[in-house]
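> quick check, what structure comes out for this input:
(one chain, ligands or ions: 1)
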Amino acid sequence: MSDMNGKTIVITGASSGIGEATAAKFADEGANVVLAARRKERLEELQHSLQDKPGKVEIKQTDVTSKDEVHELIQFTVDTFGGVDVLFNNAGLMPLSFMEKGKVDEWEKMVDVNIKGVLYGIHAVLPHMQEQNSGHIITTSSIAGHEIMPSGAVYCGTKFAARVIMEGLGKELAGTDIRTTSISPGVVDTELTETITDEDVLEMFEKNFGKGKMTPLDSKDIAEAVYYTVQQPKNVDVNEIIVRPNNQG
Ligand code: NJP
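As a prediction, the model looks like this:
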């Protein structure tokens, strides 16, 4: 029997990509899974597709830019399943643009989702984990949280911030049974690039990553990495993990 049997994971950004694949993995392993994102119909479709899995799957429509909604998500999970064993802070967006284009609205959205959304998740779940004296908080950072690329000044800034926040949290929680992990994916085949509006970035992407130039990872590859970190013995805390395609430089 899987160690996740009967354990509970909350996943933000569960309506597509990495979050969706991670939900399927944990439901397969018998975990109770709470799916969170804004697109309710996508969450309902996913819940339906997972109905025969060993784990129970619930949905809670959540915008992670709302502190109240994130708190409601965690409270819903505690009320439904009695606690939260894992929070996967995964919601994110990446409208890359060159700074001279001045796309301030997009900068603000990235700060709101990629940084403040992560902080709200930590704020909401930490008291519950401290009360139960166990838990695991995982955040999706990025290769962009380690390296900066042109057009990524703000996105990389948010992903560096997410990683640093997780490292700080991990240091504060050392010696407790609450673990922390940052996952940094390389290029993964998801909907993430759909928010890019800067034509010059799209052209640059086509040149660097277009057909045949690189084989992106599948979201399932990242789901496996998330599962690996959770499966470690209690005394092992995998704080950082980088997973990228083997032909990504
Ligand atoms: O992308 P995508 P990924 N409130 O677009 C949700 C990081 N990453 O799976 O609200 C709540 O399929 C959105 O849901 P919805 C990346 O930065 C990726 O690749 O319904 N949720 C959707 O479920 C991100 O942190 C790559 O629109 C919100 C999800 O976020 C994470 O991986 C590389 C929301 C995005 O799913 C998952 O992204 C890398 C909000 N306000 C890091 N706004 C990569 N794909 O190559 C968005 O290094 N979401």
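> what's the following helix or strand after the lowest-mean-pLDDT helix or strand in the chain?
Ranked by mean pLDDT, DSSP states H and E, the weakest helix or strand in the chain is helix 199-209, scoring a mean of 89. Next along the chain after helix 199-209, taking DSSP states H and E as the criterion, comes helix 219-231.
> so which residues of this structure form helices?
Shown for the chain, the helices assigned by DSSP state H span residues 17-28, 40-49, 67-81, 104-110, 117-132, 153-173, 199-209, 219-231.
> any idea which of those gets closest to the ligand?
Ranking those by distance to the ligand, with C-beta to the nearest ligand atom as the measure, places helix 17-28 first at 2.2 Å. (C-beta placed from N, C-alpha, C; glycine too.)
> burial count for residue 171?
Applying other C-beta atoms under 10 Å, we find 10 residues neighbouring residue 171.
> if we can go back for a sec, can you give me the buried ones in the least confident helix or strand of the chain?
Buried residues in helix 199-209, counted by 16 or more other C-beta atoms under 10 Å: 201, 204, 205.
> and stretch 219-226, by the same measure?
219, 221, 222, 223, 225, 226.
> same question, stretch 87-101
87, 88, 89, 90, 91, 92, 93, 94, 95, 96, 97.
> these two touch, right, the last one and residue 103?
It stands for residue 97. Yes: contact status for residue 97 versus residue 103: in contact at 4.6 Å, counting by C-beta atoms under 8 Å.
> how about stretch 140-153, which residues are buried there?
By 16+ other C-beta under 10 Å, the buried positions in stretch 140-153 come out as 140, 141, 142, 143, 144, 145, 151, 152.
> the residues you listed: which ones sit near the ligand?
Counting by C-beta under 6 Å from any ligand atom, 140, 142, 143, 144 from the buried residues of stretch 140-153 sit close to the ligand.
> out of these, which sit inside strands?
residue 140 (DSSP state E).
> can you tell me which of the ones next to the ligand among the buried residues of stretch 140-153 is nearest the ligand?
Ranked by distance to the ligand (C-beta to the nearest ligand atom), those are led by residue 142 at 3.0 Å.
> contact partners for residue 125?
10, 74, 84, 87, 135, 137 (C-beta atoms under 8 Å, 6 or more residues apart in numbering).
> which residues of the chain lie near the ligand?
12-19, 37-39, 42, 62-65, 90-94, 113, 140, 142-144, 185, 187-188, 190-192.
> quick one, which of those residues are buried?
12-19, 37, 42, 62-65, 90-94, 113, 140, 142-144, 185, 187-188, 190, 192.
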